[in-house]
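Chemist: Sequence and predicted structure, then a few things I'm wondering about:
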Amino acid sequence: MDSSRFIMFIVIGFLAQMIDGTLGMAYGVSSRTFLKTVAGLPSALASAVVHASEVPTTLVSGISHWKLKNVDFNRLKQLVIPGILGGIIGAWFLSGTGDKLEPFIDIYLIIMGIIILIKAIRQGGRKINLDRIIYPLGFAGGFFDAAGGGGWGPIVTSTMTAAGDDVKKSIGTVNTAEFLVTVAETTTFVVLIQDFMSYSGIILAMIIGGVIAAPLAAYLCTKLPTRPLMAAVGILIISLNIWNLISCLS
């Protein structure tokens, strides 16, 4: 890989982690889209490369959010185990039919984005008891993250935020849990695919960009005002998934 291409992948990793660390989502969605459309990687390999590059970036992001007190450890414990289980099953499932799930994920996330946007505009409202859905939520997030090449943040963060949890705590907690879920998914992909040596340059470049961005993104998450941040999360979810849905159906 030449130096200009290597720098390009660093920039992609940096931008993807800035979005993910600040808004709690879209590292996988944004970086996977680039790997499929520009680098021409098939879905399973693109998802594997994304998750391999996410391991160190999610670690740095989680540590940064922990130091900035953005983590709810009770929620973290509730998310990790079902998230890991869902991620392992999703990585296995992707080898056959993962792409067929994308339209359904997009529709669900558009609905979640609308709910978040309404909550950002209208103060108050009834809070949903997340304890009733937190375990299946973690499983669904892990499964669709691996099977769809991205989705842990959009599914889990958007649902927690839409349910009324504190937006900054939700972002920090979901980013921290993502490290352990990503390790499990990456390990499963390594066993299933086994060929990462040809793509080590892409992975390394994305790791460098993501690690540089992670502390800055966590800091911005702490400083940004809650309601505009919540609105930005909603708009991001709606925009990305309308675009993805149109692409899937066209």
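Modeler: The structure has been received and is ready for your questions. Numbers count the residues shown, from 1 in each chain.
Chemist: use CA for all of it now, contacts and neighbours both
Modeler: Will do.
Chemist: the bottom helix or strand of the protein by mean pLDDT?
Modeler: helix 27-37 (a mean of 71; mean pLDDT, DSSP states H and E).
Chemist: roughly how far out does that one sit from the chain middle?
Modeler: Averaging C-alpha positions (CA atoms, centre = their mean, to the nearest Å) puts helix 27-37 11 Å from its chain's average.
Chemist: ok, now stretch 6-13?
Modeler: Distance, centroid of stretch 6-13 to centroid of chain: 18 Å (CA atoms, centre = their mean).
Chemist: Can you give me the buried ones in that stretch?
Modeler: Residues of stretch 6-13 classed as buried: 6-7, 9-13 (neighbour count, 16 or more other CA atoms under 10 Å).
Chemist: what's the average pLDDT for the next helix or strand after the least confident helix or strand of the chain?
Modeler: Using DSSP states H and E, the helix or strand that follows helix 27-37 towards the C-terminus is helix 43-67. Average pLDDT, helix 43-67: 81.
Chemist: In helix 43-67, which residues are buried?
Modeler: By neighbour count with 16+ other CA under 10 Å, helix 43-67 contains the buried residues 43-66.
Chemist: what's the next secondary structure element after that helix?
Modeler: Next along from helix 43-67, by DSSP H and E: helix 73-97.
Chemist: elements contacting the longest helix along the chain?
Modeler: Longest helix in the chain by number of residues (criterion: DSSP state H): helix 167-193. For helix 167-193, the elements it packs on are helix 3-23, helix 43-67, helix 73-97, helix 158-162, helix 200-223, helix 226-249, judged by 3 or more CA pairs under 8 Å, 6 or more residues apart in numbering; DSSP states H and E.
Chemist: Put the alpha carbons of whichever helix or strand comes after the third one into PDB.
Modeler: Under the assignment DSSP H and E, the closest C-terminal helix or strand after helix 73-97 is helix 102-121. This file holds the C-alpha atoms of helix 102-121, laid out as PDB (Å, rounded to 0.1, in the frame of the first residue of the first chain):
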ATOM      1  CA  GLU A 102     -29.900  -4.600   6.400                       C
ATOM      2  CA  PRO A 103     -33.300  -3.200   5.200                       C
ATOM      3  CA  PHE A 104     -34.900  -4.400   8.500                       C
ATOM      4  CA  ILE A 105     -32.200  -2.800  10.600                       C
ATOM      5  CA  ASP A 106     -32.500   0.400   8.700                       C
ATOM      6  CA  ILE A 107     -36.200   0.700   9.200                       C
ATOM      7  CA  TYR A 108     -35.900   0.000  13.000                       C
ATOM      8  CA  LEU A 109     -33.100   2.600  13.300                       C
ATOM      9  CA  ILE A 110     -35.100   5.300  11.400                       C
ATOM     10  CA  ILE A 111     -38.000   4.800  13.900                       C
ATOM     11  CA  MET A 112     -35.500   5.100  16.800                       C
ATOM     12  CA  GLY A 113     -34.000   8.200  15.300                       C
ATOM     13  CA  ILE A 114     -37.400   9.800  15.000                       C
ATOM     14  CA  ILE A 115     -38.200   9.000  18.700                       C
ATOM     15  CA  ILE A 116     -34.900  10.500  19.800                       C
ATOM     16  CA  LEU A 117     -35.500  13.700  17.800                       C
ATOM     17  CA  ILE A 118     -38.900  14.100  19.300                       C
ATOM     18  CA  LYS A 119     -37.400  13.700  22.800                       C
ATOM     19  CA  ALA A 120     -34.800  16.300  22.000                       C
ATOM     20  CA  ILE A 121     -37.400  18.800  20.900                       C
END
